[in-house]
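J.: Fold the following and give me the result.
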Amino acid sequence: MNNLSTDGRPLEVGENARGTLTAEDPVIDGKLVQAWALEARAGDSVRIDMTSDDSDSCLFITGPGLDEPVTDDNGGEGLNSHLEISLPANGVYLV
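T.: This is a model prediction of the structure:
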């Protein structure tokens, strides 16, 4: 997952972002995937909500200090996803 492109998709702590999956996005395990880059500092607490009216969303976050990706599928309302995490290290995380 660490080799996914985040070109043109930066995230910042406290920011709202909007994206749309397209046929040009990569497919992993039969599902379209879109990666966003979140630059954060050790101890930053982030809340990520991903909502969709068109599909079942699933969130992943991986990066420095995380041995395995942290995931959520349907932790939000309906088929939406929700993660809250305190990030363990400085660096760029893929969401």
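
J.: Quick one: the strands in the protein, in order.
T.: With strands called from DSSP state E, the chain shows them at 10-11, 27-28, 31-32, 37-40, 45-50, 58-61, 70-73, 81-86, 91-94.

J.: can you tell me which of the ones you listed comes nearest to residue 4?
T.: For these, proximity to residue 4 was assessed by CB to CB; strand 91-94 is nearest, at 6.2 Å. For glycine as for every other residue, the C-beta is placed from the backbone atoms N, C-alpha and C.

J.: For that closest one, buried residues please.
T.: If you call a residue buried by 16 or more other CB atoms under 10 Å, then strand 91-94 has these buried ones: 93-94.

J.: Which strands or helices does it pack on?
T.: For strand 91-94, the helices and strands in contact under the criterion 3 or more CB pairs under 8 Å, 6 or more residues apart in numbering; DSSP states H and E are strand 37-40, strand 58-61.

J.: Which one of the strands of the chain lies nearest to residue 20?
T.: Each of the strands of the chain was checked against residue 20 via CB to CB, and the shortest separation belongs to strand 31-32, namely 10.2 Å.

J.: quick one: strands adjacent to the closest one?
T.: Listed by DSSP bridges, the sheet partners of strand 31-32 and their directions read strand 27-28 (antiparallel).

J.: circling back to that earlier point, just send the strands of the chain back as a markdown table, with mean pLDDT too.
T.: As requested, the strands of the chain are exported to a markdown table (pLDDT from 0 to 100):
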| stretch | mean pLDDT |
| --- | --- |
| strand 10-11 | 94 |
| strand 27-28 | 90 |
| strand 31-32 | 88 |
| strand 37-40 | 95 |
| strand 45-50 | 91 |
| strand 58-61 | 92 |
| strand 70-73 | 89 |
| strand 81-86 | 94 |
| strand 91-94 | 96 |
